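following is a predicted model, sequence given first.
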Protein chains: 2
Amino acid sequence: MTKMSRFTKLLVAMLVASGLILATGGWTDAQAAPKYRWKLAQTWGTGFPIFGDAVNLMAELVKEMSNGEMEIRIDSSNKHKAAFGILDMVMAGQYEMGHSASYYWKGKDVNTMFFTTMPFGMIAPEQYAWFYYGGGMELMKKVYDKHGVYSFPGGNTSNQMGGWFRKEINTLDDFKGLKMRIPGFAGEVLSKLGVVVTNIPPGELYTALDRGTIDALEWVGPSLDLNMGFQKIAPYYYTGWHEPATELQFMVNQKKFDELPKHLQKILTIAMQFAAYDMYARSYHESAVNWASIEKEYPNVKIRTFSPEIIAAMKKANDELLEATAAKDATFKEIWESQKAYMKKARKWTAISDFAYLKDNLE
Amino acid sequence: MTKMSRFTKLLVAMLVASGLILATGGWTDAQAAPKYRWKLAQTWGTGFPIFGDAVNLMAELVKEMSNGEMEIRIDSSNKHKAAFGILDMVMAGQYEMGHSASYYWKGKDVNTMFFTTMPFGMIAPEQYAWFYYGGGMELMKKVYDKHGVYSFPGGNTSNQMGGWFRKEINTLDDFKGLKMRIPGFAGEVLSKLGVVVTNIPPGELYTALDRGTIDALEWVGPSLDLNMGFQKIAPYYYTGWHEPATELQFMVNQKKFDELPKHLQKILTIAMQFAAYDMYARSYHESAVNWASIEKEYPNVKIRTFSPEIIAAMKKANDELLEATAAKDATFKEIWESQKAYMKKARKWTAISDFAYLKDNLE
């Protein structure tokens, strides 16, 4: 309730006292009390920038477009204490919705890993085309139907950087014994090349890198790396290979979604999909602005790209890992082949459009 | 009204006969009759693919999200006969909305040209970041407020190709006297390099190119070029320089928009902005699929990029034209400088993210 006159406050107090407006939860505006009050659990902590903002935007849009008929309360991991339990909680109906990243569920269902980003996979415009026009949404539905959850794109970080390194990586030998924080499937790829992969909580990363507990780490990109301060202690910033288009994820419990009236289903769907696209624009902006800051304030930071020899070895390790799983899982094979075939076509278009253009217009 | 049973039809006929449902226009569903019936005029003809589909999607979303409270009728240029009169009709309130491209109005107001795409300008992800987070929407509002119209992004074609040429262009001399269909500001740039720029209606383009009335033309990209058939008669397909991120435009009469209730304003705004993003994914998809067809079925088609000498001359001509106008118009100068400064930052991010990645992953 906002901006109530003293008279209104008095009136409300009287009505509450008499029990007349308890049923509506105290709403006195022209806008009706929400008929649908939902809860969303997110992996991120309170105030987490960009990712959390995408969730807030989605919830605001639902409230505004539904004229207050539906409201979504957002619980951060500070509250629910289960950053990596989002899928379980949405499956169970404990929360109607969740916001996280699909590849976090690969331990539960290996096929979920395809719907975030893949090493040496598609860039964001290619991947959005695959999701919405190349069969991606249908494959994601097939995977998540088994879990009773609808899954939607939840916001793109744009291409992620390959990480911060204290020493330059010139040959494959430099990977042997290198201690690096790089989670998920990309960590498995680097393990095959001799990297000692560790996982360290975000709050301890800076100190671990500073004290040499680790030699390198990957986080996101300038949009979120700047505030972590890694540029102060690790001068080599490598370009990306492992997460070319990281797409976060909205999840909705299927039973709860199906019970919504049609117009709220549409409002919710468009609010999620719009917030996802918007986060891509936002991430691009923040990365551009923050990279300009790093370049200006930390002239010692050097951009490096892994050598062709290293990239070839990473690709080989990546393909071997994927092929081993594809041989055992028909759905895994189906999705991987869909992505490979689509990327082949889309990349040819990228090559003669944005790439050809950029080649002559880098300054 | 769709799928009525014979009984329902009979009932409706009886009610109409008795005058009982005339007031609601014959709506018999649970959904109420629309309180707001709007009309949109589009530049495109009936059934125009991709562009027209984006408009249809926007109108469907408004109807579904508002639960039928608002409906938008779409008139194509076949009906209103004023493909390039959309801004005037929306300003006058003859149509509440329009769909077109901002650069079509540069004859009326030169500052409208910045909100579609610029030669040697931003690519789509950079431009969306500029629109929504880099001040672009505010500058567009400043320009369109003078005309009593709100302007929104209306769908991106992705990077447009430089055009179909019957002969290869190797030196600047090859431009001298070359007859080319290339409209708008890009045509002015090529004029300065000696190209004889002509405009020819779309329906006559194929014949004109086939008979040698023109030597070259630009249209869009594989998404829309394939059906025009140019690949059969002009083997050189040049990569783009003049429209790196063509964004179409939704327009709304400000008075009409301001009269809508807040929730419908939000529904309409998000429907437009979502349809715009969706058209970008759709265009990327169609270009990828159609380029694969051209490559397979027309092996004589060759991709070419203009030489560094030619690109440098185009850039110089482009800058001279823009500087001449900026010297006379403070708003023009303000917008151009905003775009240049933003592109400089965003391009540095593009260079170390998608571009660096693509360089090693073109196959």
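Nice, I can see it. Residues are numbered from 1 along each chain as shown, chains lettered A, B, ... in the order given.

A:Ile74 belongs to a strand, doesn't it?
Yes: counting by DSSP: H, G, I helix; E, B strand; the rest coil, A:Ile74 falls inside a strand.

and it, bridged to which residues?
Beta-bridge partners for A:Ile74, by DSSP bridges, are A:Leu40.

how about A:Phe152?
Counting by DSSP bridges, the residues bridging with A:Phe152 are A:Phe250.

same check on the one 4 residues further on?
Here A:Asn156 shows beta-bridge partners A:Glu247, assigned using DSSP bridges.

show me what contacts it?
Shown in contact with A:Asn156 (Cβ atoms under 8 Å, 6 or more residues apart in numbering or on different chains): A:124, A:127-128, A:245-248, A:276-277, A:279-280, A:283. In short, each C-beta sits where N, CA and C put it, glycine included.

measure it to B:Ala129 for me?
Using Cβ to Cβ, to the nearest Å, A:Asn156 is found at 12 Å from B:Ala129.

spit out the contact partners of A:Thr325.
A:110, A:332.

which secondary structure element contains it?
helix A:308-326 (DSSP states H and E).

now that helix - C-alpha only, CSV.
This file holds the C-alpha atoms of helix A:308-326, laid out as CSV (Å, rounded to 0.1, in the frame of the first residue of the first chain):
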residue,chain,number,x,y,z
PRO,A,308,45.5,-23.1,-32.4
GLU,A,309,47.3,-26.1,-30.9
ILE,A,310,45.6,-25.7,-27.6
ILE,A,311,42.2,-25.0,-29.1
ALA,A,312,42.5,-28.1,-31.3
ALA,A,313,43.3,-30.2,-28.2
MET,A,314,40.3,-28.7,-26.3
LYS,A,315,38.0,-29.5,-29.2
LYS,A,316,39.2,-33.1,-29.4
ALA,A,317,38.8,-33.6,-25.6
ASN,A,318,35.3,-32.0,-25.8
ASP,A,319,34.2,-34.2,-28.7
GLU,A,320,35.5,-37.4,-27.0
LEU,A,321,33.5,-36.6,-23.9
LEU,A,322,30.3,-35.9,-25.8
GLU,A,323,30.7,-38.9,-28.0
ALA,A,324,31.1,-41.2,-25.1
THR,A,325,27.8,-40.0,-23.6
ALA,A,326,26.0,-40.0,-26.9
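
could you list the buried residues of it?
Neighbour counts over helix A:308-326 (16 or more other Cβ atoms under 10 Å in any protein chain shown) mark A:310, A:313-315, A:317-318, A:321-322, A:326 as buried.

pull the number of nearby residues for the spatially closest residue to A:Met70 that is not a sequence neighbour.
Distances taken as Cβ to Cβ, 6 or more residues apart in numbering or on different chains place A:Tyr36 nearest to A:Met70, at 4.1 Å, with adjacent residues excluded. Counted with other Cβ atoms under 10 Å in any protein chain shown, the neighbours of A:Tyr36 add up to 17.

which residues of chain A fall in strands?
Here chain A has its strands, by DSSP state E, at A:36-42, A:70-75, A:97-100, A:149-156, A:163-165, A:179-181, A:196-198, A:216-217, A:236-238, A:247-253, A:302-304.

how about those, which one is nearest B:Phe332?
strand A:149-156 (33.1 Å; Cβ to Cβ).

what angle separates the closest one from strand A:247-253?
Strand A:149-156 and strand A:247-253 are oriented at 150 degrees to each other (axes from the mean of the first three to the mean of the last three Cα atoms, to 10 degrees).

quick one: strand A:149-156 to chain centroid distance?
Taking Cα atoms, centre = their mean, to the nearest Å, one finds strand A:149-156 lying 9 Å from the centre of the chain it belongs to.

also stretch A:324-333?
25 Å.

between the two ends of it, what distance do you get?
10 Å (Cα to Cα, to the nearest Å).

now do the buried residues in that stretch.
A:326, A:331-333.

please apply the same query to stretch A:163-179.
Those would be A:163-166, A:169, A:172, A:174-175, A:178-179, for stretch A:163-179 by 16+ other Cβ under 10 Å.

what mean pLDDT does it get?
Mean pLDDT, computed over stretch A:163-179, is 98.

and that stretch, is it in reach of chain B?
No: taking Cβ under 8 Å from any Cβ of the partner chain as the criterion, stretch A:163-179 and chain B are apart, separated by no less than 13.0 Å.

so what touches that stretch?
Residues outside stretch A:163-179 that contact it (Cβ under 8 Å, 6+ apart) are A:180, A:182, A:190, A:193-196, A:198, A:209, A:212-219, A:225, A:230-231, A:233-238, A:304, A:306-307, A:309-310, A:313.

how does it look with 6 Å?
Identification of contacts with stretch A:163-179 by Cβ atoms under 6 Å, 6 or more residues apart in numbering or on different chains yields A:193-196, A:214-218, A:230, A:234, A:236-238, A:313.

next: stretch A:71-84.
A:34, A:37-43, A:45-46, A:55, A:59, A:62-63, A:104.

and which of these is nearest chain B?
A:Lys63 (9.3 Å; Cβ to the nearest Cβ).

and the residue nearest to that closest one when sequence neighbours are not counted, how many neighbours does it have?
Once flanking residues are discounted, A:Lys63 sits nearest to A:Glu71: 5.4 Å by Cβ to Cβ, 6+ apart. Using other Cβ under 10 Å, A:Glu71 has 17 neighbouring residues.

sorry, back to before: among the buried residues of helix A:308-326, which pair sits farthest apart?
A:Ile310 and A:Ala326 (24.4 Å).

thinking again about what came up before, which ones among the buried residues of stretch A:324-333 are found in helices?
A:326, A:331-333 (DSSP state H).

which positions in the stretch 51-200 of chain A make contact with chain B?
A:64-65, A:67, A:123, A:125, A:128-129, A:132-133, A:159 (Cβ under 6 Å from any Cβ of the partner chain).

biggest helix in chain A by residues?
From DSSP H, the single longest helix across chain A is helix A:262-297.

and that helix, anywhere near chain B?
Yes: using Cβ under 6 Å from any Cβ, helix A:262-297 reaches chain B at A:263, A:266-267, A:270, A:274, A:277, A:281-282, A:284-285, A:287-288, A:291-292.

got CSV for the residues you listed, with neighbour count too?
Shown next, in CSV, are these (neighbours: other Cβ atoms under 10 Å in any protein chain shown):
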residue, neighbour count
A:His263, 21
A:Lys266, 20
A:Ile267, 30
A:Ile270, 24
A:Phe274, 21
A:Tyr277, 24
A:Ala281, 23
A:Arg282, 25
A:Tyr284, 31
A:His285, 25
A:Ser287, 31
A:Ala288, 28
A:Trp291, 26
A:Ala292, 16
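
show me which residues of the stretch 201-350 of chain A sit near chain B.
The stretch 201-350 of chain A has residues A:239-240, A:244, A:263, A:266-267, A:270, A:274, A:277, A:281-282, A:284-285, A:287-288, A:291-292, A:303, A:305, A:311, A:345-346, A:349 near chain B, with proximity defined as Cβ under 6 Å from any Cβ.

same thing but at 7 Å, please
A:221, A:239-241, A:244, A:263, A:266-267, A:270, A:273-274, A:277-278, A:281-282, A:284-285, A:287-289, A:291-292, A:303, A:305, A:311, A:345-350 (Cβ under 7 Å from any Cβ of the partner chain).

pull out the buried residues from stretch A:36-48.
Quick answer for stretch A:36-48 (16+ other Cβ under 10 Å): A:36, A:38-44, A:48.

noted, bye for now.
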